[in-house]
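Novice: just the structure for this:
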Amino acid sequence: MKTGDGTPGKSTPPAVPRRPLLAAAGLAPVLVGLGGDSVAQSAAAHDPGSGPPAKPLPTPVPTTEADWVDVVRALGRPGRIIRRTYHHTPFPRHDLHVVSRGVVVSPGLALGSHVSFARYDNGSTLMMGDLAVTADEIPALTDALHAHGISQTAIHKHLPAQTPDIWWTHICAHGHDAATLARGLRTALDSTGTPPPHRPRPSRPLDLDIAGINAALGVTGTSSEDVHACVFVRRETIIEEGHVLPPGLGATSAFNFQPLGGGRAALSGDLAMVAAEVQDAHAALLRGGFELVELHNHGLTDEPRLFFTHIWAKGDAVALARAVRPALAVTNVTPAPSD
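Specialist: Residues are numbered from 1 along each chain as shown. Prediction:
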C-alpha cells in the first residue's frame with residue numbers, strides 16, 4: 001500500500017545518493033524542479049527525422065480545494081491538496097484487527113486505502129488509488145469497480161503472513177466528470193467494511209528516535225496515525241495511460257515505522273524501481289536483514305516501467321533506517337518535496 005506523502009521541514013535534508021539512470025529511447029525527459037506547479041509541458045521528445053512532432057501529452061494543472069467540492073461530497077469525507085496539484089483522500093481501515101509476524105498492524109503502517117484525483121490541461125481528471133480489503137471483500141469490490149469503469153491495475157500483498165488475509169488492489173480511471181468517478185469509487189468501497197471517517201485522535205509523541213530515523217534516511221518524515229513515515233519520489237517524469245503524473249503520485253518509495261516499545265519498530269516499506277535497479281536494491285535489502293514480501297507492478301502502461309518491492313522488518317528503528325539507505329542509494333529517487 002502505498003502510504004501518504006512526505007512533508008520536509010524548514011531545513012533541506014541531504015539528498016539520497018543515487019546511481020545515474022541510463023536514458024532509454026522514447027522515455028520521458030527527466031523531471032526538473034519537483035517543487036514546481038507543473039511538470040514539463042511535453043513528455044514526448046521529437047526526432048526531426050521521424051516525422052511531425054508528437055502531440056504533447058496531457059499534463060496536470062494546479063488546483064484548490066474549491067475544485068474538489070463535488071468529489072469530497074461524493075466520497076463522504078474530506079481530503080487535502082498535495083503540492084497544489086492533486087487531491088488526496090485516505091480511507092484507513094480502523095475496523096480491521098490484522099496481525100503480521102506477531103505485530104498488531106496499525107492502519108497507518110499498512111492498512112490505509114487511499115485515492116487521489118488530478119486535473120489535466122485537456123479538462124480530464126485522473127483518479128488513482130490503492131485499496132486494502134479482506135479476502136472475503138475483494139470479489140464484491142472487483143465487481144463494483146468494473147461495473148463503474150474503474151480499472152484494477154494490480155492485486156497483491158503488502159504484508160507477510162497476515163491474519164486475516166488482506167489484499168491490496170490498485171485502481172485507475174479517467175473521465176471528464178470527477179464527481180462521477182468519485183461516486184463509482186464510493187459505491188465500490190460501500191461493498192466492503194471500510195468504515196466512515198472517525199474523529200482524529202490527539203497527536204502524541206511516538207516512542208521512536210524520530211531525529212535519528214530522519215538523519216539515517218536523509219529526509220524529514222511525518223508522524224501521524226501512530227506511525228512515522230518517510231517518503232521519496234522518482235526523479236523521472238512518469239507517464240501512465242498517456243498522461244503525465246504529478247510528481248509523487250503513484251511513483252513513491254515509502255517507509256512506515258510503527259513503534260513497538262523501547263525505540264524498536266515494525267517497518268513496512270515499498271521501493272519504486274526501474275528494472276535495472278531491482279536486483280541491486282534487493283541485494284542491499286537482503287544484506288540489511290529485510291524480508292522481501294512481494295515484487296510487482298502498480299500500473300499497466302507506466303513509462304518508464306516501474307516495479308515495486310514491499311519489505312518488512314522488526315528491530316531498532318534507527319538501525320532499520322540505516323539498513324534501508326543503501327537500497328535507496330541505487331534507485332533514482334529524491335526526498336518528497338513539501339506541500
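Novice: what is the neighbour count of Asn147?
Specialist: Just to correct that, residue 147 is Ala rather than Asn. 11 (other CB atoms under 10 Å). Using the backbone N, CA and C atoms, a C-beta is placed for each residue, glycine as well.
Novice: again with Leu286
Specialist: 13.
Novice: can you tell me the SS state at it?
Specialist: helix (DSSP: H, G, I helix; E, B strand; the rest coil).
Novice: and the closest residue to it other than its chain neighbours, what are its phi and psi?
Specialist: Spatial nearest neighbour of Leu286, chain neighbours left out: Leu292 (7.3 Å); criterion: CB to CB, 6 or more residues apart in numbering. Per-residue torsions, Leu292: phi -90, psi 110 (degrees, to the nearest 10).
Novice: quick check: bridge partners of Leu292?
Specialist: Ile311 (DSSP bridges).
Novice: now do it against Gly76, distance only.
Specialist: 37 Å (CB to CB, to the nearest Å).
Novice: Leu267 now?
Specialist: Relative to Gly76, Leu267 is positioned 32 Å away (CB to CB).
Novice: so those two - more neighbours on which side?
Specialist: Set Leu267 next to Gly76 and count neighbours by other CB under 10 Å: Leu267 wins out with 25 against 13.
Novice: number of nearby residues for Lys241?
Specialist: Heads up, residue 241 is Glu, not Lys. So Glu241, with other CB under 10 Å, has 17 neighbours.
Novice: phi, psi for the spatially closest residue to it that is not a sequence neighbour please.
Specialist: Closest residue to Glu241 apart from its sequence neighbours, by CB to CB, 6+ apart: Thr301 at 5.3 Å. Note on Thr301: backbone dihedrals following degrees, to the nearest 10 are phi -130, psi 20.
Novice: contact partners for Thr301?
Specialist: Residues in contact with Thr301 (CB atoms under 8 Å, 6 or more residues apart in numbering) are 239-242.
Novice: same check on Ser106?
Specialist: With CB under 8 Å, 6+ apart, Ser106 has these contacts: 225-227, 258.
Novice: ok now the lowest-mean-pLDDT helix or strand in the chain, how far from the chain's centre?
Specialist: Sorting the helices and strands of the chain by mean pLDDT, DSSP states H and E puts strand 222-224 at the bottom, at a mean of 91. Between the mean C-alpha location of strand 222-224 and the chain-wide mean there is a distance of 15 Å, by CA atoms, centre = their mean, to the nearest Å.
Novice: now swap in stretch 160-167 and tell me
Specialist: On CA atoms, centre = their mean, the centre of stretch 160-167 falls 20 Å from that of its chain.
Novice: ends of that stretch, how far apart?
Specialist: From its first residue to its last, stretch 160-167 covers 11 Å (CA to CA, to the nearest Å).
Novice: what comes up buried for that stretch?
Specialist: 162, 166-167 (16 or more other CB atoms under 10 Å).
Novice: what is the nearest of those to Ser100?
Specialist: Gln162 (4.3 Å; CB to CB).
Novice: look up how far Leu320 lies from that closest one.
Specialist: From Gln162 to Leu320 the distance is 19 Å (CB to CB).
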